[in-house]
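>>> give me a 3D structure for the following:
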Amino acid sequence: MRDVAEAIGRRLGLPVQSIASRGAQAVFGWLAVWAGLDIPASSAQTRRKLGWELTGPGLIADLGRLHVADA
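Predicted structure coming up:
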């Protein structure tokens, strides 16, 4: 979560700060439950069943390339 937040903050030119898990409810509302979970994932099954292979950048690199619309 930290890496994602930092990548988005860098791209948008916004400061990012860490919050204690007990304060997550005030920031994320009902999403706080999901934001606080450690759910490791793997693409192994997708690659095996569909023959899929990653061809683009990883998530953090891709977030750094986001187009930011002018306000």
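>>> check which helices and strands the lowest-mean-pLDDT helix or strand in the chain sits against.
When each helix and strand of the chain is scored by mean pLDDT, DSSP states H and E, helix 32-35 comes last, with a mean of 84. Contacts defined by 3 or more Cβ pairs under 8 Å, 6 or more residues apart in numbering; DSSP states H and E place helix 32-35 against helix 24-28. (Each C-beta comes from the backbone N, C-alpha and C, glycine too.)
>>> gap between the helix it packs on and the chain center?
Chain-centre distance of helix 24-28: 16 Å, with Cα atoms, centre = their mean, to the nearest Å.
>>> buried residues in it, which are they?
The neighbour-count check on helix 24-28 (16 or more other Cβ atoms under 10 Å) flags residue 24 as buried.
>>> give me the neighbour count for residue 19.
By the criterion of other Cβ atoms under 10 Å, residue 19 has 13 neighbours.
>>> where does this structure dip in pLDDT?
Scanning the chain for pLDDT under 70 picks out the ranges 70-71.
>>> if we can go back for a sec, just the CA trace of the least confident helix or strand of the chain, in CSV.
This file holds the C-alpha atoms of helix 32-35, laid out as CSV (Å, rounded to 0.1, in the frame of the first residue of the first chain):
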residue,chain,number,x,y,z
ALA,A,32,-10.4,0.4,5.7
VAL,A,33,-11.1,-3.3,6.3
TRP,A,34,-9.8,-4.2,2.9
ALA,A,35,-6.9,-1.6,2.9
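>>> any chance you could list what contacts it?
1, 24, 25, 28 (Cβ atoms under 8 Å, 6 or more residues apart in numbering).
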